[in-house]
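# sequence first, then the predicted structure:
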Protein chains: 2
Amino acid sequence: MHAERQLTAIPGMGASPGRVEDETLLRGKACFLDDVPVPDALHACFVRSPHAHARLRGVDADQARAMPGVVAVYTRQDLFGHITSWRMPLGFPLAALPEDTTPFALAGDEVAFVGEAYAVVVARTRHEAEDAAAAVQAQFEVLPAVADCRQAVRDDAPRVRTELASNVLQDYTLAYGDCDAAFARADIVLDDEFRVHRGCGHPMEGRGVVAMLEAATGMLTVWSSTQMAHELHYTIAHMLDQPEDQLRVITPDVGGGFGAKFMIYPEEIVVPAVARALGRPVKWVEDRRENFLTTIQERDQFWRISVAADRDGRVLGVRGGFVHDHGAYTPQGTNVPYNAASSMTGPYVVPAFSLHVQVAYTNKVPVATIRGAGYPQAAFVMERMMDRLAGAAGIDRLECRRRNLIPPEKIPYTKPLKSRAGVPLVIDSGDFPALQATAARAIDYDGFAQRREASARAGLLRGIAVANSVKPTGRGPYETARVRVHPSGRIVVHTGALAMGQGIKTTLAQLCAAHLGVEPQAVEVSAGDTGLSGYGMGGFASRQAMMAGSAVSEAAAKVRDKALATAAAVLGVDAGELTLSQGEVHTPDFAKRVPLARLAMLLKGVPGYALPVPGDPGLDATVHFHCDAQAYAGSSHACEVEVDPLTGAVHVLRYVAVQDSGNLINPQIAHGQVHGGVVHGIGNALFEWMGYDDNAQPLTTTFAEYLLPTAPEVPPIEVIFQPSPTRLNPLGVKGIGECATLAVAAAVIGAVEHALDGRGVRITEFPLTPVRLAELLDPPALDTTAPSTNP
Amino acid sequence: MHAERQLTAIPGMGASPGRVEDETLLRGKACFLDDVPVPDALHACFVRSPHAHARLRGVDADQARAMPGVVAVYTRQDLFGHITSWRMPLGFPLAALPEDTTPFALAGDEVAFVGEAYAVVVARTRHEAEDAAAAVQAQFEVLPAVADCRQAVRDDAPRVRTELASNVLQDYTLAYGDCDAAFARADIVLDDEFRVHRGCGHPMEGRGVVAMLEAATGMLTVWSSTQMAHELHYTIAHMLDQPEDQLRVITPDVGGGFGAKFMIYPEEIVVPAVARALGRPVKWVEDRRENFLTTIQERDQFWRISVAADRDGRVLGVRGGFVHDHGAYTPQGTNVPYNAASSMTGPYVVPAFSLHVQVAYTNKVPVATIRGAGYPQAAFVMERMMDRLAGAAGIDRLECRRRNLIPPEKIPYTKPLKSRAGVPLVIDSGDFPALQATAARAIDYDGFAQRREASARAGLLRGIAVANSVKPTGRGPYETARVRVHPSGRIVVHTGALAMGQGIKTTLAQLCAAHLGVEPQAVEVSAGDTGLSGYGMGGFASRQAMMAGSAVSEAAAKVRDKALATAAAVLGVDAGELTLSQGEVHTPDFAKRVPLARLAMLLKGVPGYALPVPGDPGLDATVHFHCDAQAYAGSSHACEVEVDPLTGAVHVLRYVAVQDSGNLINPQIAHGQVHGGVVHGIGNALFEWMGYDDNAQPLTTTFAEYLLPTAPEVPPIEVIFQPSPTRLNPLGVKGIGECATLAVAAAVIGAVEHALDGRGVRITEFPLTPVRLAELLDPPALDTTAPSTNP
């Protein structure tokens, strides 16, 4: 739809100026949630359930209230009237879900996972609040807990919450084509089962909330480390019955989100309610243990899958299903299992498809979107099956994939499925075989045999694999950017997009700056401040460069046009003779010049005088960039590993990520995003495991138990951008953030299995820890399809 | 330009629902500046010059700083760096005025009028601040002061400020046609001199400022009792170098403005600067003495005028000039003398015209716009000359006027003059002879003789007069309205217009409510809050119903259209089948219905889902209504008085105001505006005198010395609206606020002179106090053209 604009160069694209964030971030001057300067804030500590499932018979806070420094202890009934709606609203309120699905701001008479809060202590210091929280006495009647979603779906399973009629929240089949016929005429039919384990988002900075009521204005200001400031604004106004314009949500510097902050948490409601009730600022900062106990997690799925193919390895049909572990509540929606199901076929042509999805509650931390949001699970399953199909057909794994990839001449390619919003899934752009060819070349796929021999001489097993993926990016419906030049000359961008460390402020500043003839450092970007940006969506689904970038670019172009027209009127020259640089509009010889600041002053309006040019006041433009379709970002990852058969250790030797992210705004930042995505994927593949015991008690609540990849575990990552620009936005950009994560587990595990070639080992789950790999190499009497309880 | 829209009925016009302000105002729940809930605010007291002109040799605040409760005392040098620009910016920065024209935020080494502030004390209480202010020791070297503008323009006059090259700020002649020829061929030539005295704006609530820095957000919130919140925002940002979006100016309830709050005062800069410097809230509330000493005043002009006419009383030319007393500084511009000069011919045809204007500094309170803003002076002079012309031509005063009024068939009528902004003066609409005929009928002009006889029998002198005027209303360039329905269902209007007691909130609420199918009480109007409305102009020049009313009406219509379109999509019906009432959009039978609140929630956007209708998010519309032309509002006032020749007392028996304000939005509020305007005019005509002695020391600094009309002095006022709607805005409305003031002094004084008919008395100035009238009736050896020093 923006085809003609593709042809012209867009200012600000393709450059990598220094990041505007670096001055504050690198010098320790950033303002993360815990740095918000409210020195007189009280400290909140939440009192949380030690049980995965229990009835709450009563809470006695008298002893806690009498403890030093304690200002107040609130249970749900103490906050009656301060919170007018106890059930958190569904983040995606268009989903047809039952009313008993979402969490509570505070638990009332039942708790459904370990860590669920049922009271909050407010005290002068965090230490005093924690001590008092430990003194709150609750009477629990322990109820049976469900830890395994496969158990949850059984008719005889205990209910995860007593209010539930069933533990199965959703049960549906996505299908097209004639699977029975495909399987009937297949030369090859392969069946397998896969398991993907839970992990966390693990931002360096956990969640946190500060809230402050300013009595003179009635303004309730809430700072939150969030990915969705505007939705939080809406939710607080709704649940606290706070007038919308007496509420401001400010997003300070955010130390990572990764999807875990893309929802509204109970603490974000309770802390403002308590601050408003007390008339004093209140702060809560999540500690790491709370992050493990209460911040959403993802990935847990059990798949069984069958692939039918002809003798040449061409897929005829895919069928199967999975059970999705949804945790105890639905904080946001059910898009993760839908994403997994609807993206199962990835970049491949699959003529017939049928997948049965069961979304099951368990007494565990609620599941929502973490980087990838369902897509990595599907990519893992599909790519593992591709490897098996190559083997069954007796062809090379890359050749097998090539035969099945959607050919470039069929793009745009409409999958016979719809998004959860009912929109057709159209792969708008891309050249998947070309991406794979580049990956193979870059990793020297053809020269692998010699390298394998070299490793073997050292007693090590060497493997190589390539995995493909494609992800729709840039979810709508819109993102907002306001570009405003103030009479002081300050240039500001207000956006509903969120900055969480990914460099979006630089990305947006450079687009704006290029239009206005200034350096990116001259542009202030305010992200996720509802007091400054009226509407906004936030940071999710690899959307911000596309949506906010396009909005900023279009708004800045409008401001530029207005500056030129106004300067032309003021200077008495034709706008075509003018240009912008150094904060001025001027003729090329600078003989006539006027600062942007002066133009802004004139355009604010002077009582009784006409504006210098007709139109709305202000050197100012707001654009809500809309796009309901998504741009498909493909990738082909190649990976080479060495496995030490004695220890089970996996050493990733090389990693090549070929990405199609369309046009690049800031290549350096784009590289950084891919690095992060690959590292996240390596963590998923080899390290990260969020464990629960059979009673749904968490087993991993510190980074000593839950392993993240650190620098020594991460190989050099070679990033190659091979763009097929989208026409869905004027910049031709596609998302990056999540796209580099999808193929990683498949590539790494594929390479490991390839290293073990000839030993009959099938790897069907991740993370693949050394212990687990050692088990696979020297199997005890274990069923490898069962969940590993101690990877 | 909006001709076609005139033909359709505009929702919300012509009704007088109860005022939405009344619930708070009448029950004492309003929040005026002094009520702003900042309980921990420090109190500021300004230290002011006792001299009309002096060099300031030094200030010793040590003793004051040591006094109880004192937190700080600031002179200009103490605030170095906190205020980065000391000279107040010119309110109308397009005027070509010298740089030495505007006041200082605090005086430095010179003071130029009694009351000019040179230091500020901040203390725990106002009492402590006042005590300490009295202890600040200043060394003054008294300089000669200029009290009379006629003296100021002389070459040998002392300079009002030592930095001035001349006391004459402006000296120009407005002219068209051939005056010499007109006077040469005239049958009648009349010469006279007139004097109009100074008065104040005297709102019930004086000025006041509260400022507060919120450390956590860096937000500097400033409440001010102002008529121009957005200009104040700009000025504070500029003078304090405060980032524009870390500044919010809030206008609380305002207890009257009358033009006196339509400028930026030094206190509005110093109080925020001090609050920011101290990091503590600071409040300053003007007391009445300060209001007399420092709040702008108006009217002071000395006119000499000649009128040339043919023997039938038809004016051939007008020439003359006036000296305008400008006070010590130019806080805002020089529009008052320009208004007076350019409007001198009023609603009359004057073929040739020449007027010499001298704008002269004096060591008195600066002069800016007070209700009428120069027009009442001109109307007084012209109408007095019309009375004299009738006498000279031997025709009735109304007939003389009728012969000279612009006939309706010549309208639109372009005067051969331009506004100070360079725009042609086009009387766009009106029927002046019809207004006068209505006034004459209503007051029974023809039956006056019998009534005069009845008075005479009681020993009283009865007089009658009619005076006409016309005023351009609705100055541009624009006014802003944002109409927003929140997901809570709250309907809010944010506007840059200012509510100062005139009922504008009701006016705007009823326009919005009618479009959205709710009661006016369901619409919240936020006026003059720069945190909620990005741009705005404010309240001046009888503009708000026209400019803000049109903006609200258009914005509300857009919101209505969006609500209908969205509801149609949601309900699956055609928008034409839907209507709005009771906060819902519904089919006529209510079988299908959806609340506005639900539509607002859907339109804010849900991540990943298309908006229900294409377009920008939000049930929300912002309109900047533009108009650079002005709508001319005519009036014809008739007045009948009795004069007691023994006491000089004037009793206004009847007062008829026939007004053309175009279409009326709220007739009750329109009537109230006319009542206020007439009372203001009666005060000007008979009571209000701001006296200074020869050293420019103020003589009237309390309401015991400065007289305002009270209920017994005010007659029943009969208001008749006779509309000629304008086509300059979609509502067809014209301004009201000032228009009823212009003709009043002329009508009252004309009636008094008529009462004295046959005694050879010419009344050439106002106010006309009983003492002055007694002098005129029994004149001592006085020159009546000289200023009365004790009226």
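Noted; the coordinates are in hand. Numbering: from 1, shown residues only, chains lettered A, B, ... in the order given.
# the spatially most central residue of chain A sits in which helix or strand?
The centre of chain A sits closest to A:Gly259, judged by Cα atoms, centre = their mean, with a distance of 3.2 Å. Assigned by DSSP states H and E, A:Gly259 belongs to neither a helix nor a strand.
# one more: A:Leu508?
Short version, using DSSP H and E: A:Leu508 is in helix A:504-516.
# need the next SSE after that helix, C-terminal direction.
Counting by DSSP H and E, what follows helix A:504-516 is strand A:523-527.
# which elements pack onto that following strand?
Applying 3 or more Cβ pairs under 8 Å, 6 or more residues apart in numbering or on different chains; DSSP states H and E, one finds that strand A:523-527 makes contact with strand A:491-495, helix A:504-516. (C-beta placed from N, C-alpha, C; glycine too.)
# B:Ala52 is nearest to which of the ones you listed?
B:Ala52 lies closest, by Cβ to Cβ, to one member of those: strand A:491-495, at 45.4 Å.
# just want the angle from the closest one to strand A:523-527.
Per axes from the mean of the first three to the mean of the last three Cα atoms, to 10 degrees, the angle that strand A:491-495 makes with strand A:523-527 is 20 degrees.
# strand A:491-495 pairs with which strands, parallel or anti?
Partners of strand A:491-495 in the sheet, by DSSP bridges, are strand A:478-485 (antiparallel), strand A:523-527 (parallel).
# can you give me the pLDDT of A:Gly737?
The per-residue pLDDT reported for A:Gly737 equals 87.
# actually, A:Ala3.
Each residue has a pLDDT score; the one for A:Ala3 is 40.
# repeat for A:Pro780
A:Pro780 carries a pLDDT score of 58 in this model.
# one step back: would you turn the helices and strands packed on strand A:523-527 into JSON lines with mean pLDDT?
Putting those into JSON lines (pLDDT from 0 to 100) gives the following:
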{"stretch": "strand A:491-495", "mean pLDDT": "98"}
{"stretch": "helix A:504-516", "mean pLDDT": "97"}
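# TSV please, covering those and showing mean neighbour count.
Shown next, in TSV, are the helices and strands packed on strand A:523-527 (neighbours: other Cβ atoms under 10 Å in any protein chain shown):
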stretch	mean neighbour count
strand A:491-495	26
helix A:504-516	27
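# and these: which comes nearest A:Thr84?
Closest approach to A:Thr84 among the helices and strands packed on strand A:523-527 (Cβ to Cβ): strand A:491-495, 29.8 Å.
# distance to A:Phe625 for the helices and strands packed on strand A:523-527 - can I get that in CSV?
Shown next, in CSV, are the helices and strands packed on strand A:523-527 (distance: least, Cβ to Cβ, whole Å):
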stretch, distance to A:Phe625
strand A:491-495, 10
helix A:504-516, 12
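# B:Glu713 is nearest to which of the ones you listed?
The minimum distance between B:Glu713 and those falls on strand A:491-495, with 54.3 Å, by Cβ to Cβ.
# A:Leu278 contacts A:Ala44, correct?
No - using Cβ atoms under 8 Å, A:Leu278 makes no contact with A:Ala44, being 10.4 Å away.
# give me the more crowded residue out of those two.
Using other Cβ atoms under 10 Å in any protein chain shown as the criterion, A:Leu278 and A:Ala44 rank with A:Ala44 on top: 27 against 17.
# neighbours around the nearest residue to that one once chain neighbours are set aside, how many?
Counting by Cβ to Cβ, 6 or more residues apart in numbering or on different chains, A:Ala44 lies nearest to A:Trp284, which is 4.0 Å off, once chain neighbours are set aside. Residues lying near A:Trp284 (other Cβ under 10 Å) number 27.
# pLDDT value on A:Trp284, please?
Reading off the confidence values, A:Trp284 has pLDDT 98.
# where does chain A dip in pLDDT?
When residues are selected by pLDDT under 70, those of chain A lie in A:1-8, A:779-791.
# residues near the nearest residue to A:Gly374 once chain neighbours are set aside, how many?
In space, and not counting its chain neighbours, A:Gly374 is closest to A:Asn339: 3.2 Å by Cβ to Cβ, 6+ apart. A:Asn339 has 23 neighbours, counted by other Cβ under 10 Å.
# for A:Pro412, give me its contacts.
Going by Cβ atoms under 8 Å, 6 or more residues apart in numbering or on different chains, A:Pro412 touches A:426-429.
# let's see that with 10 Å instead.
By Cβ atoms under 10 Å, 6 or more residues apart in numbering or on different chains, the residues touching A:Pro412 are A:426-430, A:629, A:632, A:727.
# what does A:Gln297 give?
A:Gln297 sits next to A:197-202, A:260, A:325, A:327, A:364-368, A:370, A:690, A:698 when contact means Cβ under 10 Å, 6+ apart.
# closest to A:Asp192 out of the helices and strands packed on strand A:523-527?
A:Asp192 lies closest to helix A:504-516 among those, at 39.6 Å (Cβ to Cβ).
# can you give me the end-to-end distance of stretch A:388-408?
Start-to-end span of stretch A:388-408 (Cα to Cα, to the nearest Å) is 25 Å.
# just the buried residues of that stretch, please?
Residues of stretch A:388-408 classed as buried: A:388-390, A:392-393, A:395, A:397-398, A:400-406 (neighbour count, 16 or more other Cβ atoms under 10 Å in any protein chain shown).
# same check on stretch A:160-171?
Judged by neighbour count using 16+ other Cβ under 10 Å, the buried positions of stretch A:160-171 are A:160-161, A:164, A:167-170.
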